[in-house]
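Peer 1: Build me a structure from this.
(chains A, B and C)
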Amino acid sequence: MAMDRREFLKIAGLTALLGVGGKAGFELLAPGAVDAAVKDVPLTAGKKWGMAIDVRLLDDGVMEACVEACHIHNNVPHIGNPKEEIKWIWKETYDHAFPGQENEYLAEGFKEKHFLLLCNHCTNPPCCRVCPTKATWKREDGIVMMDMHRCIGCRFCMAACPYGARSFNWGDPQKAPKELNPNFPTNREFPTRSKGVVEKCTFCAERLAKGQFPACVEAGNKMKPGVLVFGDLDDLKSEVRTALRKRYSIRRKPELGTGPNIYYMI
Amino acid sequence: MLDKALKGSPTYWGWIIVLLGLIGAGFGFYLYQFSEGLRITGMSRDVSWGFYIGQLTYFVGVAASGVMVVLPYYLHDYKAFGRITILGEFLAVASIVMCGLFVMVDLGNLPRMLNIIIYPNPTSILFWDMIVLNVYMLLNLVIGWNVLSAEKKGMHYPSWVKVLIYISIPWAFSIHTVTAFLYAGLPGRHYWLTAIMAARFLSSAFCSGPALLILLCLIVRKATRFDPGEEQIHTLGSIVTYAMILNVFFFLLEIFTAFYSQIPGHMHSIVYLFAGLDGHSKLVPWMWTAAFFAVVALVLLIVPATRRKTDVLAVACVSVVIATWIDKGFGLVVGGFIPNPFDRVFEYWPTMPEIMISVGVWATGFFVLTVLYKVATAVKEEAAA
Amino acid sequence: MYDGGKIITGLVIGVGLLLFPVFYNAGKAAKAPERVLTEKAKAAQQCVEPLSFMKTEHMKLLDEWRQQVVRDDVRYYTSASGKVYYKGLQTTCMDCHSNKTKFCDQCHNYMGVAPYCWDCHIAPKENQ
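Peer 2: Down below sits the predicted model:
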């Protein structure tokens, strides 16, 4: 394909994004970033990606939309049983999302409230420490990334993750039950995985590289603007830093020293 | 010397054929697992390590049979053990063969196994475990083979073997420590997150390895013309005694910390294993069986009258093996995953294919053991003659 | 020769088994691969690199691409001619060569090569 048309489409797409996303679009991609990327500089260099979830705006509809968007974009199959299920982002009640925090006299509405859980892209990730092949590693921009080409399926990372964020392909995902996956693969622009490798949320690294928000963020904010605030934690003026300055937030199991980068603004 | 394994009684060949049959069956089931994926096992998103890794852990312990004979002989001049160092070393080799195979059958993508060498990650304990286990196996194989070969020729073994022997002693301690480190450094698994995990691994290794070695010595005494020796067997018995006392004591220390502190994270896995949690109690009968056999073993071992009777010592050793095998080869791994990070209980039980593959691995290990022991005992029989 | 009978028999059986494929296929020739270019590929006139390069190096190129995209987040490739391409098997390569069975598979099947890319990467839909 000729470069000119592709480049044009890229710029046109970005313009559209900037128009729609406004300030947020600018945040993800500084001017000139695309040209830099073409010259072999990663688009997301210098960032420290993180996300703040506005718990007050979370409801079942929003969360289901986020989960669907993620699983559709990333070709995550529905396996249909909890033994082999693969989930990159999911709902969890308060006592299971924050075990140890629950108490008898919890505020009304919290006991049944669901939270959105995903990989925390920790600052100090134990999963990366234990991976024998560096098939999962922490990128400079903060994303704990997966290299499906290298993973040997030892599942040490799954043992190490204190958050249950990782799933293993116990069988061939392309052989998942057809009744549950009628349109599989749901995203033909993106690969699936094979059996025998571990997978998890990658903050949609390939979308970030084009200046787009992760699929869950886009879907969630479409339904309830501001429910998922994604951005550069190192940038004082970013939306996510602004939000975190205004609202009290908690993280999952902070006492373990993993430094999770998903903040729950309650 | 390997040709000595080609001459044997009908019983020997019958045993070899049985083992080969079991290896074949296990391999067949492995092919099924290779094509279908690990979904044919009982492992799940929550209990992502199961029987295979449990057995890997147990047999790393059994490999301590080597050092428990070598250390007294070479460092403390306990001459009697010179008779059976080869049996301890060869058991270590066979054990680590099984460890390697258990890792291999557990991998999701076995063809990529060499990635751990091509793209090593020195912060990963798995990387170091691979190194220490393989080196220890090679050490024992090279040492054992050369010492045996020299004995066959009626000579003293070359001096470089001595260097390897001295290295193998601290190296033996490293295999248990590093394997314990696989578990003891994971922040989310409170059943494993204890400083004495390595100490527990060492103590359980030093009782389970020699216990199995005693049983093998008794079999060797019956099946061949080589007698490992009463004194040797009973000294090993004393070693098993002290190691088992330490092993049980360390476990009771864990119980104290968990239940005196009353911290849920520390208690929950132990409660699941010994009483059941949220209505799930699959492992409870197994853990109490292990506890029962541990008590039986301790009584029979500590009381001199019973320990000194070889037949009763054998019963005690079987008890030790049962207790340690259930605790380290199953309860430890599964218990670490339950409850899961969300405080839920998802139970695990191995499936039939999973067990058959494990049988194939055990059969391979025992095949290696049989062949090596056949060679060793044949050489010793000839040397005695 | 000690045990000569057994050895000769064993040799005959062993060598026979080894050479069986030669005997079985003697006189036949496998059909040479016929690569069919799509209209899009013909219109582009040149792949990411010239044909001679792609023929011998496309495997290495794809290997480098997957390393650079996934591990280094460097996603654009400047070819020798100066054109820039997005490094993607599914999105760039198969966009032009959308007839996998009539293109990629032709040579791969002939050579007995089964690249495992397709375990994960989605082959384009073809109307047979």
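
Peer 1: how about the strands in chain C?
Peer 2: Residue ranges of the strands in chain C, as given by DSSP state E, are C:76-78, C:84-86.

Peer 1: At the contact with chain A, which residues of chain C appear?
Peer 2: Along chain C, the residues adjacent to chain A under the rule CB under 8 Å from any CB of the partner chain are C:44, C:66-67, C:70-76, C:78, C:83-86, C:90-92, C:95-96, C:116, C:119-122, C:124-125. Heads up, the C-betas are built off the backbone N, CA and C, glycines and all.

Peer 1: For the helix or strand of chain B with the lowest mean pLDDT, give me every contacting residue.
Peer 2: Using mean pLDDT, DSSP states H and E, the weakest-scoring helix or strand in chain B turns out to be helix B:65-70, at a mean of 93. Counting contacts by CB atoms under 8 Å, 6 or more residues apart in numbering or on different chains, the residues outside helix B:65-70 that touch it are B:81, B:84-85, B:87-89, B:91-92, B:95, B:136, B:140, B:165, B:168-169, B:172-173, B:206, B:209-210, B:212-213, B:236, B:239.

Peer 1: again, only this time at 7 Å
Peer 2: Among residues not part of helix B:65-70, those counted as contacts by CB atoms under 7 Å, 6 or more residues apart in numbering or on different chains are B:81, B:84-85, B:88-89, B:91-92, B:140, B:165, B:168-169, B:172, B:206, B:209-210, B:212-213, B:239.

Peer 1: So which residue is smack in the middle of chain B?
Peer 2: For chain B, the residue lying nearest the average C-alpha position, counting by CA atoms, centre = their mean, turns out to be B:F59 (2.1 Å).

Peer 1: and the helix or strand hosting it, how far from the chain's centre?
Peer 2: Under DSSP states H and E, the secondary-structure element containing B:F59 is helix B:51-62. Centre-to-centre, helix B:51-62 and its host chain are 6 Å apart (CA atoms, centre = their mean, to the nearest Å).

Peer 1: pull the CA atoms of it into CSV?
Peer 2: Coordinates of each C-alpha in helix B:51-62 appear next as CSV, following Å, rounded to 0.1, in the frame of the first residue of the first chain:
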residue,chain,number,x,y,z
PHE,B,51,0.1,-32.1,40.5
TYR,B,52,3.0,-31.8,38.0
ILE,B,53,4.6,-28.9,39.9
GLY,B,54,3.8,-30.6,43.2
GLN,B,55,5.7,-33.7,42.1
LEU,B,56,8.6,-31.6,40.8
THR,B,57,8.8,-30.0,44.2
TYR,B,58,8.7,-33.4,46.0
PHE,B,59,11.4,-35.0,43.9
VAL,B,60,13.8,-32.1,44.3
GLY,B,61,13.6,-33.1,47.9
VAL,B,62,14.2,-36.7,47.2
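
Peer 1: neighbouring contacts of that helix?
Peer 2: The contact list for helix B:51-62, computed with CB under 7 Å, 6+ apart, reads B:91, B:95, B:98-99, B:102-103, B:105-106, B:133, B:175-176, B:179, B:201, B:204-205, B:208-209, B:212, B:325, B:328-330, B:332-333, B:350, B:354, B:358.

Peer 1: do the same with stretch B:122-129
Peer 2: Under the contact criterion CB under 7 Å, 6+ apart, stretch B:122-129 has outside partners A:129-132, A:154, A:156, B:116, B:120-121, B:178-179, B:181-182, B:185.

Peer 1: Compile the residues you listed into JSON lines and extend it with columns for pLDDT.
Peer 2: Conversion of those to JSON lines gives the following (pLDDT from 0 to 100):
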{"residue": "A:R129", "pLDDT": "97"}
{"residue": "A:V130", "pLDDT": "97"}
{"residue": "A:C131", "pLDDT": "97"}
{"residue": "A:P132", "pLDDT": "97"}
{"residue": "A:C154", "pLDDT": "97"}
{"residue": "A:F156", "pLDDT": "98"}
{"residue": "B:I116", "pLDDT": "96"}
{"residue": "B:P120", "pLDDT": "96"}
{"residue": "B:N121", "pLDDT": "96"}
{"residue": "B:V178", "pLDDT": "97"}
{"residue": "B:T179", "pLDDT": "97"}
{"residue": "B:F181", "pLDDT": "97"}
{"residue": "B:L182", "pLDDT": "97"}
{"residue": "B:G185", "pLDDT": "94"}
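
Peer 1: Now that we have these, which of them are buried?
Peer 2: With neighbours counted by 16 or more other CB atoms under 10 Å in any protein chain shown, these contain buried members at A:129-132, A:154, A:156, B:116, B:120-121, B:178-179, B:181-182, B:185.

Peer 1: Show me which residues of the stretch 51-200 of chain A sit near chain C.
Peer 2: Within reach of chain C by CB under 7 Å from any CB of the partner chain, the stretch 51-200 of chain A has these residues: A:139, A:147-149, A:185, A:188-189, A:191-194.

Peer 1: give me that answer again for 8 Å
Peer 2: Taking CB under 8 Å from any CB, the part of the stretch 51-200 of chain A that reaches chain C is made up of A:75, A:139, A:141, A:145, A:147-149, A:185, A:188-194.

Peer 1: and the closest residue to chain B within chain C, what does it touch?
Peer 2: Using CB to the nearest CB, the closest approach of chain C to chain B is made by C:Y116 at 8.6 Å. Neighbour list for C:Y116: A:S194 [criterion: CB under 8 Å, 6+ apart].
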